[in-house]
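Peer 1: sequence and predicted model, in that order:
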Amino acid sequence: MTLTLSEPLFNALLAVVKILFVWAMTLAALLPNLIWAERRVSGLIQDRPGPNRVGPLGLFQAVADVLKLMMKEDVVPLYVDKVLFTLAPLITLTPALVTFAVIPFGSSIPITWNGAVRDVPLVIADVNVGILYIFALTSLAVYGIVLAGWSSNDKYSLLGGVRASAQIISYELAMGFSAAGVFIAAGSLRLPAVVEWQHAHLWNVVPQFLGFVVFAVAIFAETNRIPFDLSEAEAELVAGYHTEYSSFRFAMFFMGEYANLIAASAVVTTLYFGGWSLPGVAFTGLWGGLASIAVFAVKTAAFIFLFLWVRWTLPRFRYDQLMELGWKVFLPLSFFHLIAVAAFVAASGR
Amino acid sequence: MSEGTPGTAALVPPPEEPTLLGLHEMELNFGPQHPATHGVLRVVLKVDGERIVSARPDVGYLHRGTEKLFETETYPMVIPHTDRMDYVAAATNNHAYCLAVEKILGVEVPKRAQYIRVLLDEMQRVSSHLLWLATAAIDLGAITPFFYTFREREVILDLFEEYCGARLTLNCMRIGGLPVDLTPGWVERTQAFFETLEAKIDEYEDLLTENRIWKERTVGIGVLAADRCVAWGVTGPVLRAAGVAWDVRRALPYECYPELEFDIPVGKNADTYDRYLVRVAELRQSRRIALQCCDWLAKNPEGEIRGKVPRVIKPAAGMAYASVEAPKGELGFFLVSSGANKPYRLHVRAPSFVNLQSLPEMIRGHLVSDLVAVIGTYDIVLGEVDR
Amino acid sequence: MESYLPILYFAAVGAVFPIAILVVMALVRPKRPNPAKLAPYECGVAAPTDAWDHRFSVRYYLIAVLFVVFDVETVFLFPWAVVYDKLLLFGFVEMAVFLYILVLGYVYVWKRGALSWA
C-alpha cells in the first residue's frame, strides 16, 4: 500500500497511533492489571489467596470493580460546592494519565514511508523540557486533592486535603533538587536524552544513588502511598479527601492513584534505571524497538512491585514526622547531593 | 467524661479553653461511626490544625442495659449475657461471673474444671491480644499483621467451637464448673497449636518491634505514669506498662494459678510502645501457662468437671466480689443477693470502661494521628464499656 | 511548539474519557437520594456548621510560603543543570554562592522552628 500523506498529516497520524498505543497500555492493560496485582501481591504477602474468582486467576477483578462503581448511585451531598466537587476527580485523573506523554517507552521503530525508512522514536511528545512538564503535572494533581477536600464541606475531607497539599509540596522540593543531578549528567531536560546518556554511559542509579533514594522516597510521598498516605489515612480521617465521593467519581480518584503509581514508576525507571536501555545492548530495527518496550515494561513493573511491597509491610507516618522528614532530612540531603554531583562534574571536567 | 445520654457531650460546656486560641479550633466528632474507634466510641475533639486541644469521650452508644437485665434472669441464665460484654473475650467474662456466684455459694470447683477454665482463659487472652495487635497495627497503617494474627486466632476459635460449639459468645462455663467435658484429642490439638505459637509471635515482632516507623508512632505517645494509672484505677497491660506488676492472677489468686509458673511482664516508659511490648510478652506467658495446663490435663484425663451445686441456685442474702485478670484488665463482678433465685444487683467492674476514663489525660497535647494510637493502645471493647 | 501537539491530543482524550463515562453511565445509575444520604459525613452526628467556617492553622500557610520560596529556587536550578557541562567551575562557584544564600535562609527558618509542628 502506498501512502500519499503530507508530512504534518503523517506526523499527526503517528502521534494518534502512539497515543492509542499508550492509552491501550495504561487503561486497558496496565491499570486493571495493576489493581489486580496489588491485591494479589497483598494476598501473597498476607498469606491468603487474594481475588481469584472473576476470570482466570481473578484477572478481571479490576474490570468488575470499575464496572460496579460505574453502576452505583452517584451521591452528591447537599452541601458541597458542586462545580469544584465535579472538577476535582477530573483534575486528579487527567494529569496522572497525561504524564505518560513525555516518557520514552522504547527506543525507536523503523517505518517505511514514501520509500524512505525513518526511525520513529517511541515517545509521544519529545518535549525539550520533559521533566518540567512532569513536575507541572504533579503539581496539578495537588489541586485535585485540595479541591476535593475543600468542596466536600466535610471536616475529614478538609483535613485530608490540607494534609495532602502540605505533604506533596514539601516533597516536591526534594524531588526537584535530587532530579537536577540527573540533568547535570545528561545536559538536557529531554527525557529521551536522559535515557540515551544512560545508555551510552551508566545508569544514574550508580553514580547518583543518594539522589535516587531521595527521589524514590519523594515519589512515595507524591503518590500518597503508605507510609505517606496521610491524606486518606483511613484510621484517622475515615477516607480523607474522598470521604464524600462515591460511584464513578470515587473510581476516578482510585484510577488516578494507580495511574500516578505507574507514571511515577516509569519516571524513576527513566531517570535512574536507564529507561528502555540495557547496558551493552543496542536496540535497533523493529524487533529491537519492541524488545526495548518490553525492557521498559519490566523495569517499571519491578518498581511498581516495590511500591506494593512497601505498602503491605510498613505502618504509616504521623503528619509532623512526615513534614520533618521531608524538610529536615530529605531537603538537606538533596542539597548535598546536588553540590556533590556538581563538584564531581566540575572536578572531572566532564 | 459524661456517662449520660448518648449525644449530649456536645451540650456539656467544655472545661478550660483560652478564647483567643479558639479562633483556630475546629470541633471534630471522632466517632461513633468511625473506623478507628473500635466500635461506637465518640470522642469530641477540639483541634488546632493537627494538634488536639481537648478530647472528651462520649460513651453509651452501645448501652443495652445488661446490668439491669441480669436482675431479671436466674443465676445460670445470666451467663450468656456476660458473653456480650467483652465480646472478644467471652471466656473471662463467664469466668468472673461464675467465680462471684461460687464465692457467695461457697462451692468448690474440681481441679480438672479449674485447669480447663484456666486453659480457656489463656486461649481467650491470646485470641484477644491477637485481635488487639491486628487492630492496633491497622490503625497505624500496618495492614499485614492483621492477616497474620487472624490466621492464629482462627485456630483458637476453631478449638473453642470444638469444645463448646461457639466461636465468639462461648457460654463455656457453668456455676461450679463446666458444661461439658473435653472432646477426645482436643488437648493434643491445643497443645500442638501452642507449640507453634512461639514462632508466629516472632513473626509479628519481626514486622513491628524494631520497625522504625512503628517506634516513631508509638514511643513516647500516650504516656500515663504509674501514679496516674493508679489514680484513674487503670488496670491490665496499660498499668503494667507503667511498671506496676499488678496482675489479678498473682495479686488475688483464683483457680489453679498458684500452681502454675508464669512471669508478669512489665514495661517502664508507660507509653504506647511499652504497652505493645507488654502485650506481646503476655502472649508468650499465656502460651507458657496454656502448655502447663495441657500437660496437666493430658496427665489427668478423667475427673469431675462440676462442683456440688444445688439444682436451684438461691444464694443466701449477702454480697460477694470476684475478679479475674481479663485481657483488658481487672474484670470484677460485684454480686448482691437478696436470697432469691435472681441477683438483686450485679455490678460489673469493666476494665475497658475504667481504663477509658483516662483518655483525655493521655491524649493531651498530642496530634490527631496519635488519637488512633491511643485509642488502640487501651484495647477497649465498647460492648464492655457501655454494657 | 509542534512537539507539544501530541500532548494536546493526549490531554483531550484524558479529559474526555472520564466525562463521557460519567455522562453515559448516568443513564443506567440509580438515583434515590434521601436527606441522610445527602448529609456530610461527620461520624453519624449531624455537623453543627459548615466545614468551611473553620480556619486553618497558620502553620499550613507557613509551609505553603516556604514551598513557594524554595520552589522558585528549584526552577533556577534546572537551566543551570542543563548548561552546567559548559560552565563547569564558573557555574559551580555561581551556584555555590546561590545555594549558600539559600541554605542561610533555610537554617534561619529551621532555627525559628517553622519546620516543626510543635
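Peer 2: Perfect, thanks for sending it.
Peer 1: how about low-confidence regions in the chain?
Peer 2: Using chain A. Counting by pLDDT under 70, chain A has low-confidence residues at A:1-8, A:26-29, A:113-116, A:231-235, A:349-350.
Peer 1: right idea, wrong chain: chain C
Peer 2: C:1-3, C:43-44, C:46-56, C:117-118.
Peer 1: can you show me the helices along it?
Peer 2: For chain C, the helices defined by DSSP state H cover C:5-25, C:58-82, C:84-87, C:89-111.
Peer 1: what does the stretch 51-200 of chain A give?
Peer 2: Under the criterion DSSP state H, counting those that start in this stretch, the stretch 51-200 of chain A contains helices at A:61-71, A:82-98, A:130-151, A:155-186, A:191-200.
Peer 1: and those helices: which comes nearest residue B:153?
Peer 2: Closest of these to residue B:153 is helix A:61-71, at 26.6 Å (criterion: CB to CB). (Glycine included, C-beta is placed from N, CA and C.)
Peer 1: so which elements touch the closest one?
Peer 2: helix A:31-45, helix A:247-272, helix C:5-25 (3 or more CB pairs under 8 Å, 6 or more residues apart in numbering or on different chains; DSSP states H and E).
Peer 1: chain A contacts on chain B?
Peer 2: B:26, B:28, B:34-36, B:50, B:137-144, B:146-148, B:151, B:207-208, B:211, B:213-214, B:216-217, B:367-372 (CB under 8 Å from any CB of the partner chain).
Peer 1: now, which of those lie within helices?
Peer 2: The helices, defined by DSSP H, take in B:137-139, B:144, B:146-148, B:151, B:207-208, B:213-214, B:216-217, B:368-372 from the residues of chain B next to chain A.
Peer 1: distance check, the residue in the stretch 151-300 of chain B positioned nearest to chain C against chain A.
Peer 2: The stretch 151-300 of chain B approaches chain C most closely through residue B:220 (12.5 Å), counting by CB to the nearest CB. Remark: distance between residue B:220 and chain A (CB to the nearest CB, to the nearest Å) = 12 Å.
Peer 1: residues touching the residue most central in space within chain A, list them.
Peer 2: Chain A has residue A:263 as the residue nearest its centroid, 1.9 Å off, counting by CA atoms, centre = their mean. Residue A:263 sits next to A:96, A:99, A:100, A:103, A:134 when contact means CB atoms under 8 Å, 6 or more residues apart in numbering or on different chains.
Peer 1: and it, how close does it get to residue C:62?
Peer 2: Distance of residue A:263 to residue C:62, computed by CB to CB, to the nearest Å: 30 Å.
Peer 1: return the nearest residue of chain C with respect to chain B.
Peer 2: residue C:57 (2.7 Å).
Peer 1: and that residue, what does it touch?
Peer 2: Shown in contact with residue C:57 (CB under 8 Å, 6+ apart): B:24, B:48, B:49, B:50, B:51.
Peer 1: now flag whichever of those residues is closest to chain A.
Peer 2: Closest to chain A, out of all of those and judged by CB to the nearest CB, is residue B:50, at 5.1 Å.
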